[in-house]
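Asks: After the sequence you'll find the predicted model.
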Amino acid sequence: MRYIIIGAGAVGGTIGARLAGAGREVVLVARGAQYTALREDGLRFRTPDGEHTHRLPVVDGPAALGALRTDDVLVLTVKTQDSEAALDAWGPAPVAGGGSAAERLPVVCAQNGVESQRIALRRFRRVYGVCVWLPCTFVEPGVVSAAGTPLTGILHMGRYPHGADETARRIAADLEKARFEAPVVPDVARWQYAKLLGNLANAVEAVSGPIADEVARGLYERVRAEGESVLRAAGIPYASQAEQKEARGDKVRLEPLDGAERGGGSSWQSLTRGTGTIEADHLNGEIVLLGRLHGVPTPLNELLQRLANTFARERRAAGSLPVAELIRLADEADKMDEISEAGEADDVVSAAAGA
Ligand SMILES: CC(C)(CO)C(=O)C(=O)O
């Protein structure tokens, strides 16, 4: 199989480098400064064992490859807000022997949340999900670091939303050779919703910095509890924290990497790079959407969604709202929602998001 990694950033670069290191055929897809750096200097991949440079084919879209091969696997690792454009570009690409990528090739969404899988299911016949637990960082164009050792990360995978087939098993076998643990699960959506609850912390990190103490952790627990009530009301199953903990064990140990320490998760990194967009609409925003559909108030997730978006749009520094101030705003939004259904919580959230 040839792996076409659509979005060679932190996650895509790490998966691509590890698969290439295990002798698998890999094509990287990138844009802008990342495309130029990867083509000129290769992918510089930093790990606790040192830096390795992988010189791999790099393209900016399907036209550069001509007809795709029948053994191609599209691995989608862009941020969720970029999934639609990426799949619109790759879905119609012709495959040798006839038909399009959307009809004939598997697409593997190795991303946070569940929205990319839905976007993919509208276009592709065969969609797979990966629950990505992979501590990695986009350091600068052409340079990606992954701190996990001896395993790089844990990638539960399966047909989305459920099903374990031969393609999933073959991809997982390649990932296992590439220093990941990649269990094929019959219910990958259940794992991805569990991960979504964890990723509700991404906006807290983006706005007020990595969660470093009990006070910040307490706020995250409230945000998570809101998310759990919504999933329960929507009848959506998710793996428990105990199950997740057991699956991870201490298999992925984190060791600091010189000069490339991981400040925060992916949303924190998006703000730090000043990309102007953030994944919050598909993480906290997924909870807000489901809350509205199922009649569950979600003032805390709405506050975080809107604050994170404001920070991204206005290119505010990651972590610049003190956590005490974020908690004050959360308390206010929470209280307003309890005492009024007439939009006072909305006013608090709007005022706070503009703060
Ligand atoms: C769990 C973690 C932190 C890394 O895989 C993540 O999902 C993110 O940074 O978005």
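Replies: Perfect, I can see it now.
Asks: and the chain, which of its residues are near the ligand?
Replies: Counting by CB under 6 Å from any ligand atom, the residues of the chain close to the ligand are 112, 132, 133, 134, 135, 199, 202, 265, 266. Every C-beta, even on glycine, is put in place using the N, C-alpha and C of the backbone.
Asks: rerun that using 8 Å as the cut-off
Replies: Contact residues, the chain versus the ligand (CB under 8 Å from any ligand atom): 11, 112, 132-136, 153, 195, 198-199, 202, 264-269, 279.
Asks: Now, of these, which are buried?
Replies: Buried by 16 or more other CB atoms under 10 Å: 11, 112, 132-136, 153, 195, 198-199, 202, 264-269, 279, out of these.
Asks: Can you read off the pLDDT for residue 265?
Replies: Residue 265 carries a pLDDT value of 89.
Asks: ranges for the strands of the chain?
Replies: Here the chain has its strands, by DSSP state E, at 2-6, 25-29, 43-47, 50-54, 58-59, 72-76, 106-109, 126-133, 136-140, 143-146, 148-150, 153-159, 180-181, 252-254.
Asks: Point out the other helices and strands that the fifth one packs with.
Replies: What it means is strand 58-59. When contacts are defined as 3 or more CB pairs under 8 Å, 6 or more residues apart in numbering; DSSP states H and E, strand 58-59 sits against strand 25-29, helix 32-41.
Asks: so what strands line up beside the first one?
Replies: When pairing is defined by DSSP bridges, strand 25-29 lines up against strand 2-6 (parallel), strand 58-59 (parallel).
Asks: contacting residues around the most centrally placed residue in the chain?
Replies: Nearest residue to the geometric centre of the chain (CA atoms, centre = their mean): residue 112, 3.0 Å. Residue 112 sits next to 80, 132, 195, 196, 199, 202, 266, 279, 282, 283 when contact means CB atoms under 8 Å, 6 or more residues apart in numbering.
Asks: do the same with residue 20
Replies: Contacts of residue 20 by CB under 8 Å, 6+ apart are 26, 54, 56.
Asks: Next, work out how far apart it and residue 14 are.
Replies: Residue 20 is 11 Å from residue 14, where distance means CB to CB, to the nearest Å.
Asks: follow-up on the earlier one: mind checking which of the buried ones among the residues of the chain next to the ligand are in helices?
Replies: Among these, the members falling in helices (DSSP state H) are 11, 195, 198, 199, 202, 266, 267, 268, 269.
Asks: and the contacts of residue 20, which are buried?
Replies: Of the contacts of residue 20, these count as buried by 16+ other CB under 10 Å: 26, 54, 56.
Asks: Surely residue 223 is in contact with residue 300?
Replies: Yes. Counting by CB atoms under 8 Å, residue 223 touches residue 300, with 4.9 Å between them.
Asks: Compare those two and say which is more crowded by neighbours.
Replies: residue 300 (29 against 21; other CB atoms under 10 Å).
Asks: That one and the ligand: what is the separation?
Replies: Using CB to the nearest ligand atom, to the nearest Å, one gets 19 Å for the distance from residue 300 to the ligand.
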